[in-house]
Each structure stands twice: as structure tokens, then as C-alpha cells.
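**Student:** The following comprises the amino acid sequence and a computationally predicted model.
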Amino acid sequence: MRFHTRKWVKPEDLNPNGTLFGGKLLSWIDEELALYTIIQFENSKVVTKYMSEINFTSSAKQGDVIEIGIDVVRFGVTSITLQCEVRNMMTRETIITIDSTVMVNLGEDGKPKAHGKTEIEFVKNRI
């Protein structure tokens, strides 16, 4: 798993229990998966089509730093399937795992469009 982004848990990210609000975390994850997909497809028009079971196994509190990891499961014709894990860098515990999220490449007409990718590309290799 490649970990791409770190987030600092601030007061506005907390639920009434004083821990990281799950909806905030899911928003961060969805944004990170979208950014990853945009970079892979070289197209800013992507959408989240599907997200599998979400498994919260621990949490984070104010001041903790979390890290979002992504792995590619497979490339489809118009989509990419990603796996995600978020871990708490302070406690070293996994916070959440998502086994499968499908992101879809869109054309100018807003409909699924073939992306032509079959493997992960790193930006440094495109230059």
C-alpha cells in the first residue's frame, strides 16, 4: 500500500464523542481517491461509482495525524478499482479499510469514457 496523504485532526473534524467524525474521514478518502484517479487518467472528470463495505476498526482524536493509503486493484475499460487503508500515525493503528472503490473516467458529455490505461503510471515517468 502506498500512503499518499497525511491529515491533521483538528477540532472541526471531531464528532460529539471527541473523536474523528466518520463522515469527515470518508470525505477525505473520496477526495484522495478522486485525485489519485485524475492523475492516473490525466482527466479531471471522474466520479465515484461504488464503495464496498467500510470497516472502522479504531479512531483518531484531536492532534493526531492520519495517513491515507491507496493500492490499485485493477483497471477496467472506463474505470479503476482502488483499495484504501487509513492509519493513525500516532497510535500506529488502522482506522479504516475499504476493500474496493470504483472510480469512473468521464468524457466531455459526462458519460463513461475508455481511458486506455492498463497499469499504474508515475508522473516522473511521463516527463
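**Tutor:** In hand now; what should we look at? Residues are numbered from 1 along each chain as shown.

**Student:** so what's the backbone phi/psi at residue 33?
**Tutor:** Dihedral pair for residue 33: phi -60, psi -40, per degrees, to the nearest 10.

**Student:** ok, now the one 10 residues further on?
**Tutor:** Dihedral pair for residue 43: phi -150, psi 130, per degrees, to the nearest 10.

**Student:** Hmm, residue 68 is touching residue 7, no?
**Tutor:** Yes: with contacts counted by Cβ atoms under 8 Å, residue 68 reaches residue 7, the gap being 7.2 Å. All C-beta atoms are positioned from the backbone trio N, CA, C, and that covers glycine.

**Student:** what is in contact with those two at once?
**Tutor:** residue 28 (Cβ atoms under 8 Å, 6 or more residues apart in numbering).

**Student:** Those two - which one has more neighbours?
**Tutor:** When residue 68 and residue 7 are compared on other Cβ atoms under 10 Å, the one with more neighbours turns out to be residue 68, at 23 against 19.

**Student:** Mind pulling the model confidence for the more buried one?
**Tutor:** pLDDT, residue 68: 98.

**Student:** what's across from it in the sheet?
**Tutor:** residue 5, residue 86 (DSSP bridges).

**Student:** Next up, the contacts around it.
**Tutor:** Applying Cβ under 8 Å, 6+ apart, the residues near residue 68 are 3, 4, 5, 6, 7, 28, 29, 32, 84, 85, 86.

**Student:** and the residues you listed as CSV, adding distance to residue 96 and pLDDT?
**Tutor:** Formatted as CSV, the contacts of residue 68 follow (distance: Cβ to Cβ, whole Å; pLDDT from 0 to 100):
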residue, distance to residue 96, pLDDT
3, 13, 88
4, 15, 79
5, 14, 94
6, 15, 97
7, 13, 98
28, 10, 98
29, 8, 98
32, 12, 97
84, 8, 97
85, 7, 97
86, 5, 98
